[in-house]
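Enquirer: Fold the following and give me the result.
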Amino acid sequence: MRYLGLDLGTKTCGVALSDKTKTIASFYKNINYKEEDVLIKEICEIAEQEEVEKIILGFPKNMNNTIGERANATILFKEKLENKVNIPIVLEDERLTTKIAESTLIRENNLSRKKRKKIIDGTSAVIILQSYLDRRER
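Expert: Numbers count the residues shown, from 1 in each chain. Okay, here's the model as predicted:
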């Protein structure tokens, strides 16, 4: 059994998957979507195929710890996903994950802006999931 990490964007969703020991998060894929129902269906298929027991969904709180428009949209998405998949879904604070991911991609891989844009959501999903895994171990 594994954990699935999600970084929900308005057009793409980054997906990360833990190893079976729930120690290491790895990039799985980026999903481009126009309709949430299509995205939810694909997430459900991944969850079933990879034997996922928990989903960790990035929760984009504001820097002052308030809940804004994107966080409210994430809560609604979580509710829709919960209605389709019988797996617990945990919201994980994702403040600064995109900045961390971008910094990592620039520093370690020296990727151009165009190339970073294609993989930033997946990298953020890895950071969200790894953060959850690390905290769970403490």
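Enquirer: lowest-confidence helix or strand of the protein?
Expert: helix 97-109 (a mean of 55; mean pLDDT, DSSP states H and E).
Enquirer: Could you give the number of residues near residue 24?
Expert: When neighbours are counted by other Cβ atoms under 10 Å, residue 24 registers 13. From N, CA and C alone the C-beta is placed, and that goes for glycine too.
Enquirer: And it, how close does it get to residue 133?
Expert: Computed as Cβ to Cβ, to the nearest Å, the residue 24 to residue 133 distance reads 7 Å.
Enquirer: which residues are in contact with both of the two?
Expert: residue 18 (Cβ atoms under 8 Å, 6 or more residues apart in numbering).
Enquirer: Work out for me the element the nearest residue to residue 23 once chain neighbours are set aside sits within.
Expert: Take residue 23 and drop its neighbours on the chain: the residue closest to it by Cβ to Cβ, 6 or more residues apart in numbering is residue 133, 6.4 Å away. Element membership for residue 133, per DSSP states H and E: helix 113-137.
Enquirer: repeat for residue 48
Expert: Using DSSP H and E, residue 48 maps to helix 36-49.
Enquirer: quick revisit: right, and the residue nearest to residue 23 touches residue 22 too?
Expert: Yes - assessed by Cβ atoms under 8 Å, residue 133 is found in contact with residue 22 at 6.0 Å.
Enquirer: Between the two, point out the one with more neighbours.
Expert: residue 133 (20 against 17).
Enquirer: quick one, what contacts the more buried one?
Expert: Going by Cβ under 8 Å, 6+ apart, residue 133 touches 3, 18, 22, 23, 24, 25.
Enquirer: These in strands, which ones?
Expert: When DSSP state E defines the strands, the subset of the contacts of residue 133 inside them is 3, 18, 25.
Enquirer: Columns neighbour count, distance to residue 127 and pLDDT on top of those, output as TSV?
Expert: Shown next, in TSV, are the ones in strands among the contacts of residue 133 (neighbours: other Cβ atoms under 10 Å; distance: Cβ to Cβ, whole Å; pLDDT from 0 to 100):
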residue	neighbour count	distance to residue 127	pLDDT
3	23	14	98
18	26	13	97
25	25	8	94
